[in-house]
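Asker: I would like the atomic coordinates for the input below:
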Amino acid sequence: MISAAQIQATMSRYVELVDAGDIDAIVALYARDAVVEDPVGQPPLLGLDAIERFYRQGLGAMKVSATQTGPVRATLNGCGAMPFRVDMEWGGQPCSLHVIDVMEFDAEGKIRSMKAFWSEINVTARGAA
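Answerer: Coordinates of the predicted model:
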């Protein structure tokens, strides 16, 4: 089983990779049969091919920066949650998207599932709270 410290490190690394725009490294964090729901309520993306397409079409198509805004909360049974912020342009305006990601990990430390909690209500003009 993955440790709570490993969960914290992997989730923090995820934000660093989003910030760097390193899609190959982001996809490498996921298990082959992983499921991504981003945002929660959208149809789940199943498997690495769909997940890679999602990141290339989203993150790969725009300039963003990402910052972890609080500590990773990790469980002893392979789950973690963390808040972070993605700075980008939305509708041509600089803005910040405030997200909470919840991830489940497999025994090898790969992300088995990721759910991103956000909606347009979590988008603020850059510099606003």
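Asker: Contact partners for I100?
Answerer: Contacts for I100 (CB atoms under 8 Å, 6 or more residues apart in numbering) come out as 81-84, 116-118. Where C-beta positions appear, they are placed from N, C-alpha and C, glycine not excepted.
Asker: Centroid-nearest residue for this structure?
Answerer: Residue closest to the average C-alpha location in the chain (CA atoms, centre = their mean): D101, at 5.7 Å.
Asker: State the pLDDT value of that one.
Answerer: Predicted confidence (pLDDT) for D101: 98.
Asker: Equivalent analysis for A129, please.
Answerer: 51.
Asker: lowest-confidence helix or strand of the protein?
Answerer: The helix or strand of the chain with the poorest confidence is strand 123-125; it has a mean of 91 (mean pLDDT, DSSP states H and E).
Asker: List the buried residues of the helix ranked longest in the chain.
Answerer: Counting residues, the longest helix found in the chain (DSSP state H) is helix 4-20. If you call a residue buried by 16 or more other CB atoms under 10 Å, then helix 4-20 has these buried ones: 4, 7-8, 10-12, 14-15, 17-19.
Asker: For the helix or strand hosting A66, which strands pair with it and how are they oriented?
Answerer: Assigned by DSSP states H and E, A66 belongs to strand 65-68. For strand 65-68, the paired strands and their directions (DSSP bridges) are strand 79-90 (antiparallel).
Asker: so what pLDDT did Q93 get?
Answerer: 85.
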